[in-house]
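# what shape does this take:
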Amino acid sequence: MTAAENVCYTLINVSSDSEPPSEVSLKTDLEKGEIKAKTEALKKVIIMILNGEKLPGLLMTIIRFVLPLQDHTIKKLLLVFWEIVPKTTPDGKLLQEMILVCDAYRKDLQHPNEFIRGSTLRFLCKLKESELLEPLMPAIRACLEHRHSYVRRNAVLAIYTIYRNFEHLIPDAPELIHDFLVNEKDASCKRNAFMMLIHADQDRALDYLSTCIDQVHTFGDILQLVIVELIYKVCHANPSERARFIRCIYNLLQSSSPAVKYEAAGTLVTLSSAPTAIKAAAQCYIDLIIKESDNNVKLIVLDRLIELKDHPTHERVLQDLVMDILRVLSTPDLEVRKKTLQLALDLVSSRNVEELVIVLKKEVIKTNNVTEHEDTDKYRQLLVRTLHSCSVRFPDMAANVIPVLMEFLSDTNEAAAADVLEFVREAIQRFDNLRPLIIEKMLEVFHSIKTVKIYRGALWILGEYCSTKEDIQNVMTEVRRSLGEIPIVENEIKKETGELKEDEVSAAPAQKLVTEMGTYVTQSALSSSRPSKKDEDRPPLRGFLMDGDFFVAASLATTLTKLALRYVSIVQDKKKQNSFVAEAMLIMVTVLHLGKSSLPKKPITDDDVDRISLCLKVLSECSPLMNDIFNKECRRSLSHMLTVRLEEEKLSQKKESEKRNVTVQADDPISFMQLTAKSEIASKEDQFQLSLLAAMGNTQRKEAADPLASKLNKVTQLTGFSDPVYAEAYVHVNQYDIVLDVLVVNQTSDTLQNCTLELATLGDLKLVEKPSPLTLAPHDFANIKANVKVASTENGIIFGNIVYDVSGAASDRNCVVLSDIHIDIMDYIQPASCTDAEFRQMWAEFEWENKVTVNTNITDLNEYLQHILKSTNMKCLTPEKALSGFCGFMAANLYARSIFGEDALANVSIEKPIHLGPEAPVTGHIRIRAKSQYLSLQQKKTTNLCSLLYET
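Purely as a prediction, here's the structure:
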């Protein structure tokens, strides 16, 4: 193990602006100064030694004048000093002066102050010289019987470290610690002693656990955690022991410590796949999520539940716990709620869907009364989408869900209302039996809709699916009510000139309706002004038109045309037919008149004029072809779109299930656990070891089958082959840091001393610590590791040099300049998904846009799109069916997200110029948008590069 990989016990901050003092002044302060001066001088000596200075002349001075002092600060500094100071001669023999140091620490191990004893014992854990430790062994043993627990627990650690490194110094350590553990009462001492037995003598640890296995639930949490680890390791190595300890793990699920419960649940899942064990572990996870206040803990435990769900045999057990999982929705954090709803949706079945829908309906109603939290609107959207998915998968539930959701069409939050509208549109198309209910509810909330986008959608649904005479008349009544008195222009001019009083009530033409009893009633749509501002007096539809939003007028014209054509086919009375058609045409004409006038804030657009004029022409002619297009083709297109979307969802679910299902080939060998050798079992993955590696950032990723994705592809040559020192670096990118594993080779016949890798960074990178200096023998090599923290997706550069001294040479330090290491932004970009509405919203919000002109030799549109996806780490949001076929051009939306939560959007618009022949390359452009300018620029550079450097 190289010096850079050694465990670091102490970190010392060094001020860069201070100048190093001379050895003479330090010697004077150490000999004759006061306590304060000696303390400062000792600090300076430690810093100088850490920076590579030797200072051999001060060793005896410190032993004579500093070591005998009883000041506690001095003693703490001396522990650091003796840890870092060279203790051996160049030929590896122990310095004679260290005998005096050894005697001083023997006295400290017998000191009456427990802090000094405990600190000295901790220091002895760091010593690697057995000659220094041997005289101290009796004093260390004696510390096991000290009255203070701080001394005893550090004595156990010291004995464990010495036994691990130099077993001959204390061969009876396991027996000694076992006897100590039996009689010990303090929890921290017992924990350290038990931990030592686990690693030094597992059989003794098991013997002790067997004697007290019924009392485990009364132990402290730190000891319980170690017991869980022991049980896991024993059962992992020897599965026959599972029955012996699984009851103990069950008991630990009831521990008062959240950490113990979490580890016990994870261990129980790995040791047993019985439904009762999985249910107990899952219930434990759910309790942890509900009771823990930290959102990070909630997300971690939720991930464990999701892992359980992904196992085919465990999914059915978790289905019975869906209602318990939904208790997590009481957490206000949106990310926790999002994961919880997704998990519940994955687990829903015909057995629990009714209860799930009831809970979600209650949650939706709650959000209607809560407005102070900023995430309430987003949470409501999540609930609506979840209910939507439930209704699609279980059509029987749609009738219960629709009445509750329809109320949210009048919500001021357009996104939530749009989700409800999308759900209603799909439900009314798929479920014929629900159409009367949906139309009735839609007419109830129609007048209270506040946003123009939702109003347009509601108009379209009513125009498309109202098929009875009564429904058509009701829609016309609501339209007149929302439009107010017509002609609109004359009415508005009268209001402005004051001819119309504010409290004047105007009634729309009465409509004759037939009730359920068969009697006739007359209904009039009253439009009365409220005593408020003039703008607020206007009905909703008129308000939209006066604001200049005439796209809703085009939608209204289409709706009225469909209703009029359908009314003509239903009602046989010519007079009524003409009356209804005339009324529809009057509304369209008055809207056109308003658009051409100067009253609205914005004039009507030519597209909207053309649309309304077309509808007027259709109503005036009433041809069968137009009737077929308006009343059949529109619905057929919607049906086709919903069918395609459903097929895509089923296909993606099928792919997910295929990933989760473990496929076994017919000729695969069968592994019998009972016949497996212990060495083979032990070689399997250890969960505790994996979690430790993950915490240290050393997770072993599975390399891709492609040889270009192997480690060799990430090796960067830093120096030339003819340089005296050859160096190359493997760049390993973790989530928030970069690990540089630098191989340094001495290509000379000289010994290189103080060989130091000096690094600096450009961009949003930060070097965590300075690599330690090395000594390289002739033609020797070593590995140096350096950690670099990453704060954003900004491209960074790491540069530096290697400096060294040649042994026996009187010249200055030698220096080899290293090549720059460029950190690519693509290592932080990951493919992600979002809905079309979210994509459009982000596209409108993001202000940084870059446009890349396509310049490539690829001749196939799909091939170029796949090349862009692979090169930029983005995901295509446009469905495959929309991209299938060949029409000479292609448009697709791409999306990716960085590990820092930054979004990157791209729109690909490419075509194949057919007139240039079949071998003509793809042309077009790619527009890239991001919230930050740098991310947008870097994606542009990457896209531009992959367009230019495509290799066939």
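
# so for the helix or strand harbouring Arg242, mean pLDDT?
Using DSSP states H and E, the element containing Arg242 is helix 242-252. The average pLDDT for helix 242-252 rounds to 81.

# kindly export that helix (C-alpha atoms) in CSV.
What follows is helix 242-252, C-alpha atoms only, in CSV (Å, rounded to 0.1, in the frame of the first residue of the first chain):
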residue,chain,number,x,y,z
ARG,A,242,-29.6,-19.2,9.8
ALA,A,243,-32.2,-21.0,11.9
ARG,A,244,-30.1,-20.4,15.0
PHE,A,245,-30.0,-16.6,14.7
ILE,A,246,-33.0,-15.5,12.7
ARG,A,247,-35.2,-15.2,15.8
CYS,A,248,-32.7,-12.7,17.2
ILE,A,249,-32.9,-10.6,14.0
TYR,A,250,-36.7,-10.6,14.4
ASN,A,251,-36.4,-9.3,17.9
LEU,A,252,-34.0,-6.5,16.8
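
# show residues contacting that helix.
The contact list for helix 242-252, computed with C-beta atoms under 8 Å, 6 or more residues apart in numbering, reads 213, 216-217, 224, 227-228, 231, 234-235, 260-261, 264, 267-268, 271-272, 277, 280. C-beta coordinates here come from the backbone N, C-alpha and C atoms, glycine included.

# sort out which of these are buried, if you could.
Buried members of those, scored by 16 or more other C-beta atoms under 10 Å, are 213, 216, 224, 227-228, 231, 234-235, 260-261, 264, 267-268, 271-272, 277, 280.

# the residues you listed in helices, which ones?
Under the assignment DSSP state H, those contribute 224, 227-228, 231, 234-235, 260-261, 264, 267-268, 271, 277, 280 to helices.

# what's the span of stretch 870-880 from first residue to last?
Its first and final residues considered, stretch 870-880 spans 16 Å by C-alpha to C-alpha, to the nearest Å.

# any idea how far the helix holding Arg242 is from the middle of the chain?
With C-alpha atoms, centre = their mean, to the nearest Å as the basis, helix 242-252 stands 34 Å off its chain's centre.

# quick one: buried residues of that helix?
Arg244, Phe245, Ile246, Cys248, Ile249, Tyr250, Leu252.

# quick one: Val803 and Val817 touch, right?
No. Proximity of Val803 to Val817 does not meet the contact threshold set by C-beta atoms under 8 Å, at 10.2 Å.

# of those two, which one has the most company?
More neighbours surround Val803 than the other of Val803 and Val817, with 18 against 12 (other C-beta atoms under 10 Å).

# and that one, how far from Val744?
Using C-beta to C-beta, to the nearest Å, we find Val803 at a distance of 12 Å from Val744.

# pLDDT averaged over stretch 259-278 - what is it?
Mean predicted confidence for stretch 259-278 is 85.

# quick thing: my sequence starts at 410, can you match it?
Taking 410 as the first residue, the last one we looked at is stretch 668-687.

# residues in contact with it?
By C-beta under 8 Å, 6+ apart, the residues outside stretch 668-687 that reach it are 630, 633-634, 637-638, 640-641, 644-645, 651, 655, 658-659, 661-664, 689-691, 693-694, 696-697, 710, 713, 717, 722-723, 725-727, 1096.

# what helix or strand is the nearest residue to Tyr514 once chain neighbours are set aside on?
Using C-beta to C-beta, 6 or more residues apart in numbering and skipping residues adjacent in sequence, the residue nearest Tyr514 is Thr529, 5.7 Å away. When elements are assigned from DSSP H and E, Thr529 belongs to helix 523-533.

# what packs against that helix?
helix 481-493, helix 507-517, helix 558-574 (3 or more C-beta pairs under 8 Å, 6 or more residues apart in numbering; DSSP states H and E).

# who are the packing partners of the shortest one?
Using 3+ C-beta pairs under 8 Å, 6+ apart as the contact criterion, the elements in contact with helix 507-517 are helix 523-533, helix 539-542.

# now the helix or strand hosting Val1053, how far from the centre of its chain.
Assigned by DSSP H and E, Val1053 belongs to helix 1043-1069. Its chain's C-alpha centre and that of helix 1043-1069 lie 26 Å apart, by C-alpha atoms, centre = their mean.

# how about stretch 495-509?
Between the centre of stretch 495-509 and the centre of its chain there are 53 Å (C-alpha atoms, centre = their mean).

# tell me the mean pLDDT over that stretch?
On average, stretch 495-509 scores 79.

# domain ranges for this protein?
Annotated domains of the chain cover 757-853, 856-903+948-1031, 1121-1232, 1236-1358 [the TED database].

# endpoint to endpoint, the second one covers what distance?
Looking back up the chat, that one is domain 856-903+948-1031. In domain 856-903+948-1031, first residue to last residue: 30 Å (C-alpha to C-alpha).

# alpha carbons of the host helix or strand of Leu1303, as CSV, please.
Leu1303 belongs to strand 1298-1307 when assigned by DSSP H and E. Coordinates of each C-alpha in strand 1298-1307 appear next as CSV, following Å, rounded to 0.1, in the frame of the first residue of the first chain:
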residue,chain,number,x,y,z
PHE,A,1298,-37.7,14.7,-42.5
MET,A,1299,-37.7,14.1,-38.7
ALA,A,1300,-38.3,16.1,-35.6
ALA,A,1301,-37.6,14.8,-32.1
ASN,A,1302,-37.3,16.1,-28.5
LEU,A,1303,-34.4,15.0,-26.4
TYR,A,1304,-34.0,15.4,-22.6
ALA,A,1305,-31.2,14.8,-20.1
ARG,A,1306,-30.4,15.8,-16.5
SER,A,1307,-27.1,16.3,-14.8
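
# parallel or antiparallel, which strands does it pair with?
If you go by DSSP bridges, strand 1298-1307 pairs up with strand 1238-1240 (antiparallel), strand 1284-1285 (antiparallel), strand 1312-1320 (antiparallel).

# any weak-confidence spans in the stretch 510-659 of the chain?
Applying pLDDT under 70 to the stretch 510-659 of the chain flags no residue at all.

# model confidence over the helix holding Val1053, on average?
72.

# next, count neighbours for Leu618.
Neighbour count of Leu618, defined by other C-beta under 10 Å: 20.

# for the one 5 residues further on, same thing?
The criterion is other C-beta under 10 Å. On that basis, Asp623 has 10 neighbouring residues.

# same deal with Ile444?
A count of neighbours around Ile444, defined by other C-beta under 10 Å, yields 11.

# my guess is it meets Ile483, correct?
Yes. Assessed by C-beta under 8 Å, Ile444 is found in contact with Ile483 at 7.1 Å.

# just the strands in the stretch 1110-1259 of the chain please.
1124-1126, 1134-1142, 1146-1155, 1161-1171, 1174-1176, 1183-1185, 1190-1199, 1205-1215, 1223-1226, 1230-1232, 1238-1240, 1257-1262 (DSSP state E, counting those that start in this stretch).
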